[in-house]
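>>> build me a structure from this.
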Amino acid sequence: MEDYQNLSRYYDALMEDGRYPERARYIFEICRRFGHEPGKTLDLCCGTGSLTRELYRLGADVFGVDGSVEMLSEAARIGYEENISILYVNQLMQELELPCSVDTVVCTQDSLNHLTDENDLQKTFNAVSDCLKRGGLFIFDVNTVYKHRVVLGNNDFVLESDNVLCAWQNELCENDIVEITLDFFEETENGMYIRTSEFFAERAYSENEIVTMLERSGFGRIARYGFLNFEEPEENEERVVYAAVKI
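Here you go, the predicted model:
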């Protein structure tokens, strides 16, 4: 299991443009368009809790689940500093099991792409369905096949924040899997740099694969949008949003 021990330290600093307030409002608007009250809401793969906190600020009765203890530790620390009380639970998404049903599940930041085995993606959809009340809403985003083949591909990137530089290297493999290596260089007080690394892989799934798996898990009324809008996704869309109702 990937614990993202190093990534958790730098994630928020390198994701300052995550647009979390906008994402939270967008999720509420999806709910409105479906005639659905968010109710008890699960932020699945919540990471450091940035979106969880924004949903909370909008009035959602929300809690977070993530497979990384390190990410959840950051979420708890930030929540404490901001005087926000949110429950966080350590579980893998494909093994999700809750003591009671919820009304809404959200899963963002291409978290589902981290499941490179299609059986794990199906297990996750099944687990989400089992946790949702009938009529409950599942909202998630995924990176597209286009993004994996063209944008990420075998390309390299550099991300910077005030005291951290991240060298990002990709390798495109079979089944639209991108293997990702992140090298972090953190400046110390004496001007030296500490290097740490993180390695993981993401897989892009086609629309047909995703819709077929959702339907197997008991979802219907499946909508598909461009990122943070309500238009039909373009051919060169890098991230697509899905909304599906448990029937």
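>>> all contacts plus neighbour counts: C-alpha atoms, from now on.
OK.
>>> could you pull out the helices in this structure for me?
Under the criterion DSSP state H, the chain contains helices at 5-14, 20-33, 50-57, 69-81, 118-131, 145-146, 207-216.
>>> worst mean pLDDT among these?
Confidence, taken as mean pLDDT, is least for helix 5-14 of those (a mean of 57).
>>> re earlier: in CSV: the helices of the chain, plus distance to residue 103 and mean neighbour count.
Below are the helices of the chain laid out as CSV (distance: least, C-alpha to C-alpha, whole Å; neighbours: other C-alpha atoms under 10 Å):
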stretch, distance to residue 103, mean neighbour count
helix 5-14, 28, 17
helix 20-33, 11, 16
helix 50-57, 14, 21
helix 69-81, 22, 18
helix 118-131, 9, 20
helix 145-146, 30, 20
helix 207-216, 17, 16
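>>> can you say which of those helices is nearest to residue 183?
helix 5-14 (9.5 Å; C-alpha to C-alpha).
>>> give me the domain ranges for the protein.
Per automatic domain parsing, the structural domains of the chain span 5-143+206-246, 147-202.
>>> now the helices of the chain as CSV including distance to residue 198?
As requested, the helices of the chain are arranged in CSV below (distance: least, C-alpha to C-alpha, whole Å):
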stretch, distance to residue 198
helix 5-14, 6
helix 20-33, 24
helix 50-57, 21
helix 69-81, 13
helix 118-131, 22
helix 145-146, 23
helix 207-216, 28
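>>> any stretches of the protein with poor pLDDT?
Within the chain, the segments meeting pLDDT under 70 span 1-17.
>>> for burial, what's the neighbour tally of residue 143?
Residues lying near residue 143 (other C-alpha atoms under 10 Å) number 23.
>>> skipping its backbone neighbours, what lies nearest it in space?
In space, and not counting its chain neighbours, residue 143 is closest to residue 239: 4.5 Å by C-alpha to C-alpha, 6 or more residues apart in numbering.
>>> was I right to think that neighbour contacts residue 146?
No - counting by C-alpha atoms under 8 Å, residue 239 does not reach residue 146; the two are 9.1 Å apart.
>>> which ones are touching the residue nearest to residue 55 when sequence neighbours are not counted?
With sequence-adjacent residues excluded and distances taken as C-alpha to C-alpha, 6+ apart, residue 55 is closest to residue 24, at 5.5 Å. Counting by C-alpha atoms under 8 Å, 6 or more residues apart in numbering, residue 24 touches 51, 54, 55, 58.
>>> state the distance from residue 233 to residue 227.
8 Å (C-alpha to C-alpha, to the nearest Å).
>>> quick one: which of these two has more around it?
Using other C-alpha under 10 Å, the more surrounded residue of residue 233 and residue 227 is residue 227, with 21 against 16.
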